[in-house]
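**Q** give me a 3D structure for the following:
(one chain, ligands or ions: 1)
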Amino acid sequence: MTHPRYPKATAPSTAPSWSALTAHQQVISNQPIADLFTRDPNRAETYSLNAAGIHLDFAKNRIDDAGMTLLCQLAKERGLAERIKAMYQGEAINSTEKRQVLHVALRSQLGDLPEHLRDVDAVIAQMTQFVTAVHTGQWRGFTGETITDVVNIGIGGSDLGPNMVTQALTPFHKAGIRAHFVSNVDASDLCETLKALNPARTLFIVASKTFTTTETLTNANSARQWLLATLADEAAVAKHFVAVSVNLEKVKAFGIDANNIFPMWDWVGGRYSLWSAIGLPIALACGMDHFNALRAGAAAMDEHFANAAFEQNLPVIMAMLGVWYINFWGAESQAILAYDHYLNAFTKYIQQLDMESNGKGAYLHGGYLEHHTGPVIWGEVGTNGQHSFHQLLHQGTRFVPADFIVSLTSHNPLSEHHSQLFANCLSQSRALMLGKSEAQAAAEFSAMGYSADEAKQLAHHKVMPGNRPSNTLVVESLNPKTLGALIALYEHKVFVQSVIWGINAFDQWGVELGKQLCSEIHPALVSSAAAESFDPSTNALMALYKSVNQ
Ligand SMILES: O=P(O)(O)OC[C@H]1O[C@H](O)[C@H](O)[C@@H](O)[C@@H]1O
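**A** Here you go, the predicted structure:
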């Protein structure tokens with residue numbers, strides 16, 4: 001039954017602003033971005049916003065005031081304000097799973113949670129107690145030694161978020177604790193991680209919302225065997241294994257002590273869960289104060305998102321520019337280019353957040369879409385990407401909007417490194433915007449000594465069309481607070497786009513078929529009988545595997 005608050009999703013193209021935007025795209029596509037700056041001398045100022053410690057410069061986009069007005073109108077026509085309210089008020093907006101979507105409640109500052117969410121505080125208190133015990137050496141391994149290494153075993157949302165944040169906050173790590181992450185069922189991931197570790201001083205966190213994920217359970221079982229191979233007593237498991245899960249029964253069945261379980265809730269999606277006890281490795285690596293600052297940074301962005309007018313709202317602006325390029329300019333992908341070594345895992349994290357949330361093909365209430373949804377997310381940290389795929393960004397035939405992320409200060413202020421990094425970031429967005437004309441290119445070849453004819457001919461190879469749009473996100477310093485705000489910004493951006501497209505950003509049925517098929521293929525693969533019940537290609541590949549493994 002359709003929820004009274006959500007009328008059946010209609011195609012976004014039925015919104016009055018949609019056809020106006022289609023017409024406006026024709027107008028803007030004839031206007032170079034540089035001309036937009038000439039027309040509006042204040043553009044750099046009016047097309048930048050500050051919230052929760054994040055500065056967004058969106059001036060280098062193919063949009064003008066009329067376009068921005070239409071995009072905000074589209075957001076209004078699609079009922080965005082009501083949907084934001086519904087999420088914050090705990091309505092079951094994840095309708096296909098009949099669940100609330102309350103990751104925002106996970107970073108509410110202590111005390112301001114409604115009664116039914118007070119156990120969030122209880123879990124934060126449990127984490128605080130545990131983290132303190134490990135850091136002070138009150139929590140010890142089975143042989144009485146203190147813990148030096150924490151291994152998080154989880155995959156997807158139970159890995160990418162905590163892994164990315166732990167890396168990003170390296171300058172805030174506590175001395176004496178090293179965090180490691182094992183996710184892949186490929187034994188090389190686990191074995192390479194364990195090689196350097198001492199079982200007596202290693203703590204495993206088995207992180208799995210459902211506690212049914214094969215990769216995680218396989219890795220956790222092998223980790224337990226590794227531990228027991230040295231400590232040789234089942235009782236050691238209680239001192240070296242903790243778990244984070246909704247599924248308390250399954251955790252106990254695995255053999256993890258009931259006191260070592262950190263609960264979570266079905267109202268938090270895996271890819272939105274780093275703010276829950278899934279963030280335990282972050283807290284162990286950096287301390288609870290930094291984990292709480294991360295939550296506070298996200299809470300500041302939550303407040304901005306809930307209260308700022310759409311025209312001044314960072315997540316809304318970024319989301320609507322994304323919709324603009326995807327649905328009106330045919331963009332198929334979005335590059336995320338973080339000019340910060342510590343954000344090495346950021347793009348990988350956003351890939352799950354965005355592509356698992358908005359990689360959808362059906363309306364919220366059923367029916368297939370006729371418009372495009374989430375883009376392919378890709379990228380690399382600057383300046384590395386410049387010496388690799390930026391060639392395609394500048395001269396390729398694809399239209400790829402880019403987000404640049406950069407910090408004003410470095411945690412490692414070594415000679416000119418940071419000014420060079422910052423200059424490179426600015427040079428890339430400027431080059432994408434300005435490009436290089438045929439005349440400029442020919443002049444460069446002439447200056448190199450080529451004849452006029454040769455220069456004219458060769459010029460095409462140096463031409464860059466320019467007018468390739470980008471956002472630049474700037475923080476003063478990459479710290480727990482600004483990182484929390486940055487992550488929340490992208491979470492909300494993804495949500496806004498899902499509302500425009502009329503889809504559910506909070507389920508992920510698309511990952512299930514592969515799991516289902518693997519549960520049929522794996523037993524057949526390890527059986528001595530020939531595999532004959534699959535398609536011919538799969539049968540043949542299984543036979544090939546069996547030819548060397550049996
Ligand atoms: O935390 P878990 O229940 O082990 O789930 C781990 C991951 O696997 C699933 O297949 C989903 O695609 C992810 O959204 C999820 O984060």
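
**Q** just the residues contacting stretch 386-399, thanks.
**A** When contacts are defined by CB atoms under 8 Å, 6 or more residues apart in numbering, stretch 386-399 is touched by residues 325, 329-333, 335, 380, 400, 402, 424, 428, 431-432, 435, 463-465, 468. Where C-beta positions appear, they are placed from N, C-alpha and C, glycine not excepted.

**Q** okay, and A488 sits in which element?
**A** helix 480-501 (DSSP states H and E).

**Q** could you list every helix and strand that that helix packs against?
**A** When contacts are defined as 3 or more CB pairs under 8 Å, 6 or more residues apart in numbering; DSSP states H and E, helix 480-501 packs onto strand 54-57, helix 65-77, helix 80-88, helix 160-168, helix 288-307, helix 314-323, helix 357-358, strand 470-475.

**Q** quick revisit: narrow the contacts of stretch 386-399 to just the buried residues.
**A** Burial by neighbour count, judged by 16 or more other CB atoms under 10 Å, picks out 325, 331, 333, 335, 380, 400, 402, 428, 431-432, 435, 463-464, 468 from these.

**Q** between the helices and strands packed on helix 480-501, which one is closest to H371.
**A** Closest approach to H371 among the helices and strands packed on helix 480-501 is made by helix 314-323 (9.5 Å; CB to CB).

**Q** which is the next helix or strand following the closest one?
**A** Following helix 314-323 in sequence order, the next helix or strand is strand 333-339 (DSSP H and E).

**Q** residues making contact with the helix or strand following that next one?
**A** Note on strand 333-339: by DSSP H and E, the next helix or strand toward the C-terminus is helix 346-350. Helix 346-350 is contacted by residues 160-161, 163-164, 168, 336, 338, 377-381, 405, 487, 490 when judged by CB under 8 Å, 6+ apart.

**Q** stretch 18-31 too?
**A** 12-13, 62-64, 66-67, 70-71, 73-74, 324, 328-329.

**Q** now stretch 506-516
**A** 93-94, 96-97, 99, 101, 214, 269, 272, 356-357, 359-360.

**Q** spatially, what comes nearest to the residue in the stretch 1-150 of the chain positioned nearest to the ligand if we skip its sequence neighbours?
**A** Distances between the stretch 1-150 of the chain and the ligand by CB to the nearest ligand atom are smallest at E97, namely 11.6 Å. Nearest residue to E97, sequence neighbours excluded (CB to CB, 6 or more residues apart in numbering): D507, at 5.4 Å.

**Q** for burial, what's the neighbour tally of the one you found?
**A** Neighbourhood size, D507 [other CB atoms under 10 Å]: 18.

**Q** and if you look at T538?
**A** There are 15 residues near T538, going by other CB under 10 Å.

**Q** so it: helix, strand or coil?
**A** helix (DSSP: H, G, I helix; E, B strand; the rest coil).

**Q** tell me the contacts of it?
**A** Counted by CB under 8 Å, 6+ apart, T538 has contacts 521, 531.

**Q** repeat that for the one 4 residues further on.
**A** For M542, the contacting residues are 521, 524-525, 531, 534, taking CB under 8 Å, 6+ apart as the criterion.

**Q** if you set the cut-off to 6 Å instead, what comes out?
**A** By CB atoms under 6 Å, 6 or more residues apart in numbering, M542 lies in contact with 525, 531.

**Q** am I right that it sits in a helix?
**A** Yes. Membership of M542 in a helix is supported by three-state DSSP.

**Q** distance check, it against R118.
**A** Plainly put, M542 is 52 Å away from R118 if you go by CB to CB, to the nearest Å.

**Q** and for L217?
**A** Separation of L217 from R118 (CB to CB): 31 Å.

**Q** same deal with S95?
**A** For S95, the distance to R118 - CB to CB - is 26 Å.

**Q** so if I had to pick from these two, which one is more boxed in?
**A** A count of neighbours by other CB under 10 Å puts S95 above the other of S95 and R118, at 16 against 10.

**Q** gap between the helix holding A488 and the chain center?
**A** 9 Å (CA atoms, centre = their mean, to the nearest Å).

**Q** give the rounded mean pLDDT of it.
**A** When pLDDT is averaged along helix 480-501, the result is 98.

**Q** tell me the helix or strand right after it.
**A** Following helix 480-501 in sequence, per DSSP H and E, is helix 512-526.

**Q** residue of the stretch 351-500 of the chain nearest the ligand, please.
**A** E356 (5.7 Å).

**Q** ok, now which ones touch the closest residue to M318 other than its chain neighbours?
**A** Excluding the flanking residues, the one nearest M318 by CB to CB, 6+ apart is K493, at 4.6 Å. The neighbours of K493, taking CB under 6 Å, 6+ apart as the test, are 315, 318-319.

**Q** now do the most centrally placed residue in the chain against H417, distance only.
**A** Nearest to the mean C-alpha position of the chain, by CA atoms, centre = their mean, lies I350 at 2.1 Å. I350 sits 25 Å away from H417, going by CB to CB.

**Q** which of the buried ones among the contacts of stretch 386-399 fall in strands?
**A** Mapping these onto strands (DSSP state E) picks out 333, 335, 402.

**Q** check contacts around the last one.
**A** Applying CB under 6 Å, 6+ apart to A402 gives the contacts 335, 337, 470.

**Q** restrict those residues to those near the ligand?
**A** With the criterion set as CB under 6 Å from any ligand atom, no member of the contacts of A402 is near the ligand.
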